[in-house]
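1. my questions concern the predicted model and sequence given below.
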Amino acid sequence: MELISTRGKGKALEASKATLSGIAPDGGLYVPSFFPKIDAADYAALGYPELTAKILGLFFEDIENLGTLTQEAYKSFDHPDIAPVVKIGESEYVMELWHGPTLAFKDMALSVLPRLMTSALKDDSGRDVLILVATSGDTGKAALEGFCDVAGTKIVVFYPNDGVSEMQRLQMVTQGGSNTKVIGIKGNFDDAQNGVKEIFADKEFADTIDKHSFRLSSANSINFGRLAPQIAYYVWAYVQLLGRGEIEKGEKINFVVPTGNFGNILAAYYAKKMGLPVGKLICASNKNNVLTDFFRQGKYTLDRQFYKTMSPSMDILISSNLERLLFELSDRDAEKVAGMMARLKTDGSYAIDDAVKNEPEEDFYADWCSEEETMAAIKSTFEDKGYLLDTHTAVAAGVYDKYKRSTERTKTVIVSTASPYKFPADVLASLGLDTSGLGIFEMAQKLRDISGTQIPKQIEGLMTKEEIHTNVIEKSQMRQAVLESID
């Protein structure tokens, strides 16, 4: 299949080539030229790696070893189902996407992406790939883990120095590997993300990188190779409920997704476009509720305060993947999308046409949770249902509670994006427990004791790891830092 740019000026590319490029030359994002159709029942007998390979095969038609590739990608996950679906209420389920090496949902795709890239590199010009990543917490570590010591690649991760949890920071700055670099940015995630985007848009800098025998690419969800594997777990969730007799064939289900950069929920939207029986996609935001306002008002504006919250991976004001949704809402009018993105850059806002303002309501419901509501969701879910949420999934649970008050009880899957052990201080505080005087690992032990769950080996391993990456820079120094990483 060929992919096209949301802004219309880049030439169409095979999916594998587009994955190597990451972002289109015109600054747009690659999207499928059409959506292949699926019947979820066709996947009923497949394990998770096999199902993912089938979904990827609909897009990456030029990669032959997808079955082997996905088996290798998921062999280190610590649950046999890879993405278990747990029933916690009469019509309520949690899909756990954090059983991979970094305890976050980003592993679901970033275990696959390096393998897609190395397969595509076999037919490339001989240049290595330089992966640039901006992270709000989880993508960075998952990308580092996925690309660590992968031949033909180097990876540089930028993170907001004061904008990630301590456990997330430790996971990144202790990362080994001869091809990895982790750098803190003085600013927030949007500063890091904008800096990476500016580097991609700088043709002169790309030429400089080319002279070093590298080509730039990305592991953020702006890369279609990161987005495509995420479609699979929505199909998987449906197949699991179908196989258990929880739903009938063709019965619609809802998904609740804690949302920051819009990639995770966009994958669910793509699954729906491909024919998966989905009712509502419930977009759950924290106090940085720019997406809630967009879906309610049809306007996206950056003229608002940025908040640091207990769900740091969602502390985002520029949701890059929303551009792909705009492309569909605009009836694939690339010129219109390019205009909206230009207005966002110059004016800090854009609005969708009145003619399509109501269209998102057919697919999406959006709401947000305050810090207090997020804490209450953790406490009530644990006390009433015996299930422990992290701070991001709690936002989804809190928004779902609001949704249930005024709508029908369709079977609903809450997408759980991280292990609670990545955020022990806030989880314990939500449960009303005192953490004063405790170190981060003592908090993990306390969480283990009160919940009866096991501390993941990934967290235990951090206790003895040395901090390797200690550099913190200004946003203006990012280009120089990239060049130093390949010298």
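-> Okay, I see it.
2. specify the local secondary structure of the nearest residue to residue 263 once chain neighbours are set aside.
-> Among residues not flanking residue 263 along the chain, residue 221 sits closest, at 2.9 Å (C-beta to C-beta, 6 or more residues apart in numbering). (C-beta placed from N, C-alpha, C; glycine too.) Following DSSP: H, G, I helix; E, B strand; the rest coil, residue 221 is assigned to coil.
3. residues near residue 221, how many?
-> 25 (other C-beta atoms under 10 Å).
4. per-residue confidence at it?
-> On pLDDT, residue 221 comes in at 87.
5. contact partners for it?
-> 109, 139, 227, 230, 261, 263-264, 266, 320-321 (C-beta atoms under 8 Å, 6 or more residues apart in numbering).
6. how about a cut-off of 7 Å?
-> Residue 221 is in contact with 227, 261, 263, 321, counting by C-beta atoms under 7 Å, 6 or more residues apart in numbering.
7. cool, and residue 263?
-> By C-beta under 7 Å, 6+ apart, the neighbours of residue 263 are 221, 227, 230, 321.
8. mind checking how far residue 400 is from residue 212?
-> 48 Å (C-beta to C-beta, to the nearest Å).
9. residue 454 - how many residues pack around it?
-> With other C-beta under 10 Å as criterion, residue 454 counts 11.
10. of the contacts of residue 263, closest to residue 295?
-> residue 321 (14.1 Å; C-beta to C-beta).
11. which non-adjacent residue is nearest that closest one?
-> residue 262 (3.8 Å).
12. how close does that neighbour sit to residue 170?
-> For residue 262 relative to residue 170 (C-beta to C-beta), the value is 27 Å.
13. and these two? Which one has more around it.
-> residue 262 (23 against 20).
14. now do the phi/psi pair for that one.
-> Main-chain dihedrals, residue 262, degrees, to the nearest 10: phi 80, psi 0.
15. so what's it up against?
-> 291, 319, 321-322.
16. list the buried residues of stretch 68-88.
-> Counting neighbours by 16 or more other C-beta atoms under 10 Å, one finds that the buried residues in stretch 68-88 are 69-71, 73-74, 77, 82-85.
17. which two among these are spaced furthest apart?
-> 69 and 85 (23.8 Å).
18. rewinding a little: neighbour-wise, which of residue 400 and residue 212 wins?
-> In this view residue 400 and residue 212 are compared by other C-beta under 10 Å, and residue 400 has more residues nearby, 20 against 13.
19. make sure that one is actually in contact with residue 413.
-> No - at 10.0 Å, residue 400 does not count as touching residue 413 under the criterion of C-beta atoms under 7 Å.
20. what segments of the stretch 251-400 of the chain are strands?
-> In the stretch 251-400 of the chain, the strands defined using DSSP state E, counting those that start in this stretch lie at 253-258, 278-285, 299-301, 349-351, 364-368.
21. need the winner for burial among those strands.
-> strand 253-258 (a mean of 27; mean count of other C-beta atoms under 10 Å).
22. between strand 364-368 and that strand, find me the angle.
-> 30 degrees (axes from the mean of the first three to the mean of the last three C-alpha atoms, to 10 degrees).
23. and strand 253-258, what does it pack against?
-> Helices and strands touching strand 253-258, by 3 or more C-beta pairs under 7 Å, 6 or more residues apart in numbering; DSSP states H and E, are helix 224-243, helix 263-273, strand 278-285, helix 391-404, strand 412-416.
24. ok, residues contacting it?
-> For strand 253-258, the surrounding residues in contact (C-beta under 7 Å, 6+ apart) are 234, 238, 241, 247, 264-265, 268, 277-284, 311, 314, 392-393, 395-396, 399-400, 410-415, 417.
25. that older thread, save the helices and strands packed on strand 253-258 as TSV, and put in mean pLDDT too.
-> Formatted as TSV, those follow (pLDDT from 0 to 100):
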stretch	mean pLDDT
helix 224-243	98
helix 263-273	98
strand 278-285	98
helix 391-404	97
strand 412-416	98
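26. let's have the ones you listed in TSV, adding distance to residue 46.
-> Formatted as TSV, the helices and strands packed on strand 253-258 follow (distance: least, C-beta to C-beta, whole Å):
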stretch	distance to residue 46
helix 224-243	8
helix 263-273	15
strand 278-285	19
helix 391-404	26
strand 412-416	18
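27. of these, which approaches residue 216 most closely?
-> Checked against C-beta to C-beta, the stretch from the helices and strands packed on strand 253-258 lying closest is helix 224-243, at 14.0 Å.
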